[in-house]
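Trainee: A structural model of the following input is requested.
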Amino acid sequence: MLAKRIFNGLVATLLVVGLLEMVTGLILLPLYKPGLTTSYNSSKGLPTILESIHHWLSAILIVVGGLALLFGLYSSAYKLNSKKLWIGTLLLTLLAVFLQLTGHLLPWDVHAVRSAVIEIGIGGNVPVVGSAQGDLLRGGKTFGANTLQLWYWAHIAIFSLIWLGIGIFSQRKAKAVGYSSKALTIGAGIMVAAGLIFAIIAPVHLGCAATAGDFQNYTAKPEWYILPLHALLGIVQGINPSLAFVGTMVIPGIGVLLVALAPWLDKRAKEGKKSIYGPVLASIILIGGTALFISSMGDVASPNGPNNYTVAAQQTPTNQAALDPNLIAAGKQLFAQQGCADCHTINGTGGTGGPVLDGESTRHPSLQWQIDHLTKPTSVSSGSTMPAYANIGQTKLKDLAEYLETLK
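Mentor: Take a look at the predicted model:
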């Protein structure tokens, strides 16, 4: 059927773009030197056009994978095709995201490092396994050289080799069941041309080199490909801050599972009737994802950079009244009640989803700053993923601010 051949043509296009992405990566590989003191300078020294092509093909790889899956759902191609090819296409698309995430850290500029810090923090903010998961993603207890080496090898070896293996398998499956050569020619031509055009009109620009001060900085605008997750995180945190993982892992995980199991869950497909499972699921994903994307477009990072962040001026204490011991005690109690320790560490105790709060009174010696930050984090900290606490009321905000101003 035509739908099957077009779907297989899109899969073949995905493989062509992925192959070109690997070729450009292999050319760049000897020129890049991973290390705290070498990553940034070696990235700055890469041929701009080649680095830009690699950068944009990586983005296009995610887009092609997403288009293949959406078309497969809308046309119910999953019921006409090999189930293994359907699962392979989904895995290739997910791996494309993982390759983008790990590769994004390698230039080691401020935005890359801060983004990784936030991503690891989100991964670590999960019940039961969060601490171990955070340590795994960091390559240890602290962010630094081990993190860079881990993500470097994950990018150039682990994820790349897995992608290549699944890609070879998928190519054979697509070839065996047949695909539309017209879909492949048009699709591959458009996607490769788009990569070249973007590389020319929007070459990659790095921001400032990262420093140790960025290793615990959670201020960075999200990349376009995780923007819907960023918006979903904000919605869930608005309901209950302790349920952040529901927006970043549970809901997306259920969505991925529903896509993966489409050939088995679609009962009508087994009966030979017109399917509604695929089209309905595709519509939910497309409409929901688009709405989430649009709602957060104002927060998105520049896809080709540079993404620079101004260094906050050193704040000086204002002529405010002395801290009230009663308010401090109430604020400390609120800190525990609101689950703040799930994300923040004080004196070595607490979570790693947000920055360590030791020395907070020195960094931000202002009650008003603390209140503004608690009320609407992004108003004073661009790109912050911290939930807003405006709903607890001004009295409790003042209590929390007083407590935070005692942290030395």
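
Trainee: now the helices for the stretch 301-408 of the chain?
Mentor: Counting by DSSP state H, counting those that start in this stretch, the stretch 301-408 of the chain has these helices, from start to end: 325-337, 360-363, 367-375, 394-404.

Trainee: out of these, flag the one nearest I226.
Mentor: Closest approach to I226 among these (Cβ to Cβ): helix 367-375, 23.1 Å. Backbone N, C-alpha and C define where each C-beta goes, glycine included.

Trainee: what's the angle from the closest one to helix 394-404?
Mentor: In terms of direction (axes from the mean of the first three to the mean of the last three Cα atoms, to 10 degrees), helix 367-375 departs from helix 394-404 by 120 degrees.

Trainee: what residues sit buried inside helix 367-375?
Mentor: By neighbour count with 16 or more other Cβ atoms under 10 Å, helix 367-375 contains the buried residues L367, W369, Q370, I371, D372, H373, L374, T375.

Trainee: same question, stretch 329-340
Mentor: Neighbour-count burial for stretch 329-340, counted by 16+ other Cβ under 10 Å, picks out A330, G331, K332, L334, F335, Q338, C340.

Trainee: switch the helices of the stretch 301-408 of the chain over to CSV; also include mean pLDDT and distance to A174.
Mentor: Listed next are the helices of the stretch 301-408 of the chain as CSV, based on pLDDT from 0 to 100; distance: least, Cβ to Cβ, whole Å:
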stretch, mean pLDDT, distance to A174
helix 325-337, 89, 55
helix 360-363, 85, 55
helix 367-375, 88, 52
helix 394-404, 90, 56
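
Trainee: got TSV for those helices, with distance to T290 too?
Mentor: What follows is those, written out as TSV (distance: least, Cβ to Cβ, whole Å):
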stretch	distance to T290
helix 325-337	37
helix 360-363	38
helix 367-375	29
helix 394-404	35
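
Trainee: between those helices, which gets nearest to A212?
Mentor: Going by Cβ to Cβ, the one of the helices of the stretch 301-408 of the chain nearest A212 is helix 360-363, 15.0 Å.

Trainee: relative to the whole chain's centre, how far out is the helix or strand encompassing G18?
Mentor: Using DSSP states H and E, G18 maps to helix 2-28. Between the centre of helix 2-28 and the centre of its chain there are 22 Å (Cα atoms, centre = their mean, to the nearest Å).

Trainee: what is that helix packed up against?
Mentor: For helix 2-28, the packing partners by 3 or more Cβ pairs under 8 Å, 6 or more residues apart in numbering; DSSP states H and E come out as helix 48-74, helix 77-80, helix 83-105, helix 159-177, helix 181-201.

Trainee: show me what the third one is packed up against.
Mentor: Counting contacts by 3+ Cβ pairs under 8 Å, 6+ apart, helix 83-105 is packed against helix 2-28, helix 48-74, helix 110-124, helix 145-153, helix 159-177, helix 251-260, helix 262-265.

Trainee: what's the helix or strand for the residue lying closest to K141 once chain neighbours are set aside?
Mentor: The spatial neighbour of K141 that comes closest, neighbours along the chain excluded (Cβ to Cβ, 6 or more residues apart in numbering), is D135 at 6.2 Å. In the assignment (DSSP H and E), D135 maps to helix 130-138.

Trainee: from the chain's centre, how far out does that helix sit?
Mentor: Per Cα atoms, centre = their mean, the displacement of helix 130-138 from the mean C-alpha position of its chain is 16 Å.

Trainee: between it and helix 110-124, how many degrees?
Mentor: Here helix 130-138 runs at an angle of 150 degrees relative to helix 110-124 (the same axes, to 10 degrees).

Trainee: which parts of stretch 374-390 are buried?
Mentor: For stretch 374-390, by 16+ other Cβ under 10 Å, it's 374-375, 377-378, 380-381, 383-389.

Trainee: just stretch 185-195 next, same as before
Mentor: G187, A188, M191, V192, A194, G195.

Trainee: so the last one makes contact with I53?
Mentor: In other words, G195. Yes: using Cβ atoms under 8 Å, G195 is in contact with I53, at 5.8 Å.

Trainee: ok so, going back, which one of the buried residues of stretch 329-340 is nearest T48?
Mentor: C340 (43.9 Å).

Trainee: could you pull up the residues touching the closest one?
Mentor: With Cβ atoms under 8 Å, 6 or more residues apart in numbering as the criterion, no residue contacts C340.

Trainee: from Q394, how far out is it?
Mentor: 18 Å (Cβ to Cβ, to the nearest Å).

Trainee: and what of H344?
Mentor: Per Cβ to Cβ, H344 is found 22 Å from Q394.

Trainee: have a look at the two and say which one is more surrounded.
Mentor: Set H344 next to Q394 and count neighbours by other Cβ atoms under 10 Å: H344 wins out with 22 against 10.

Trainee: which residues does the more buried one contact?
Mentor: Contacts for H344 (Cβ under 8 Å, 6+ apart) come out as G350, G351, G353, G354, P355, V356, L357.
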